[in-house]
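**Student:** turn this into a model:
(one chain, ligands or ions: 1)
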Amino acid sequence: MGTIRRAGHRGTGPGTITPDGCAVELYTRLPAGTEPDVVAAAVPAGAHLLELGCGAGRVTHPLLERGFTVTAVDESREMLDRVRGARTVHSPIEDLDLGTTFDVVMLASFLVHASDAAVRRALLRTCVRHLAATGCVLIQREGEAWHTHVPRERVDPAGFTVRIVSAEPAGDGVNSVTAAYEFPDATWTQTFLSRPLTREQFEGALAEVGLKVDAYLTADRTWVRASLAVQGASVKSPL
Ligand SMILES: C[S@@+](CC[C@H](N)C(=O)[O-])C[C@H]1O[C@@H](n2cnc3c(N)ncnc32)[C@H](O)[C@@H]1O
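**Tutor:** Below is the predicted model of the structure:
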């Protein structure tokens, strides 16, 4: 794979596992669900989106079908190889500097819960660095009690079961979470570090980089639209 695994992240199951423990084959199979609808309802029609951590294009492809232009970024070349119809950029999000700005920057998949606060700041600074003055950032955060209501499972109508197997304290307010995805013909697991954030802590993390919440987009408050707290402000960001 040629990329260093992220500490505390690992995965099992068929095929390539990304540095953060995701299985490429799994993300090629998972349905998009309601996520493209949430995004489409929150941003201007036809906007140019910068999607950070796009994976295999699970959400990218439906967004392209809805008429958005997408620049899709991931640190896994094997994930990007599955993306069709978007410009792809192979890079860690933390290091990304495309020298241009976008109407919408997406940081989904709970990446804002990075265990290391410095990494979280770097991810959010990348969002700000690429944000047009009147643009918005869409962030997907964890729901409340996601780390305490464990184990739990959901049977997806597409024919697989997602199980949150455990969430164990790993020190400094971080949990080591293990999820399992069981299909009739294959099972994948992912273990990852996640730092739970209360609403106040989440909004504080946005404020650190000059962002403010415009709206919580879903009833469970997991999807958030944010914008620059001071329009035209820029963040002087060491990478
Ligand atoms: C859980 S998968 C989700 C993929 C996609 N967003 C989706 O919902 O289907 C997370 C993806 O983010 C990528 N990723 C995680 N951390 C990253 C980072 N710091 N820089 C670049 N890519 C990252 C992984 O390689 C993986 O493809």
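
**Student:** for residue 56, list the residues it contacts.
**Tutor:** 24, 27, 28, 79, 82, 83 (CB atoms under 8 Å, 6 or more residues apart in numbering). All C-beta spots, glycine's among them, are computed from the backbone N, C-alpha and C.

**Student:** could you single out the nearest of those to the ligand?
**Tutor:** Nearest to the ligand out of the contacts of residue 56 is residue 79 (CB to the nearest ligand atom; 4.2 Å).

**Student:** helix or strand: which one has that closest one?
**Tutor:** helix 77-80 (DSSP states H and E).

**Student:** check which helices and strands the next helix or strand after that helix sits against.
**Tutor:** In the C-terminal direction, the helix or strand that comes right after helix 77-80 (DSSP H and E) is strand 87-90. Applying 3 or more CB pairs under 8 Å, 6 or more residues apart in numbering; DSSP states H and E, one finds that strand 87-90 contacts strand 69-74, helix 77-80.

**Student:** give me the contact list for the following helix or strand past strand 87-90.
**Tutor:** Next helix or strand after strand 87-90 toward the C-terminus (DSSP H and E): strand 102-107. Identification of contacts with strand 102-107 by CB under 8 Å, 6+ apart yields 39, 43-44, 47-53, 59, 71, 93, 123-124, 127, 130-132, 135-140.

**Student:** and if you look at stretch 121-132?
**Tutor:** With CB under 8 Å, 6+ apart, stretch 121-132 has contacts from 50, 52, 93-94, 96-98, 100-103, 105, 107, 111-112, 114, 137, 139, 205-206, 208-211, 227-228, 234-235, 237, 239.

**Student:** now a ChimeraX select for only the buried ones of those residues.
**Tutor:** Burial among the contacts of stretch 121-132 is assessed by 16 or more other CB atoms under 10 Å; the matching ChimeraX selection reads:
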select :50,52,93,94,96,101,102,103,105,107,111,112,114,137,139,205,206,209,210,211,227,228,235
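
**Student:** considering only the contacts of stretch 121-132, which also neighbour the ligand?
**Tutor:** 93, 94, 111 (CB under 6 Å from any ligand atom).

**Student:** want to try CSV for these, with distance to residue 147 and pLDDT as columns?
**Tutor:** Compiled in CSV, those are given as follows (distance: CB to CB, whole Å; pLDDT from 0 to 100):
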residue, distance to residue 147, pLDDT
93, 23, 98
94, 24, 98
111, 16, 98
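
**Student:** give me whichever of the helices and strands packed on strand 87-90 is most buried.
**Tutor:** strand 69-74 (a mean of 24; mean count of other CB atoms under 10 Å).

**Student:** which helices and strands does that strand pack with?
**Tutor:** Partner elements for strand 69-74 (3+ CB pairs under 8 Å, 6+ apart): strand 48-52, helix 60-65, strand 87-90.

**Student:** mind checking the ones you listed for the one nearest to residue 173?
**Tutor:** strand 48-52 (23.7 Å; CB to CB).

**Student:** show me how far that closest one is from its chain's centre.
**Tutor:** 11 Å (CA atoms, centre = their mean, to the nearest Å).

**Student:** what are the ranges of the strands in this protein?
**Tutor:** 10-12, 48-52, 69-74, 87-90, 102-107, 131-140, 152-156, 160-171, 174-183, 186-194, 211-216, 223-228 (DSSP state E).
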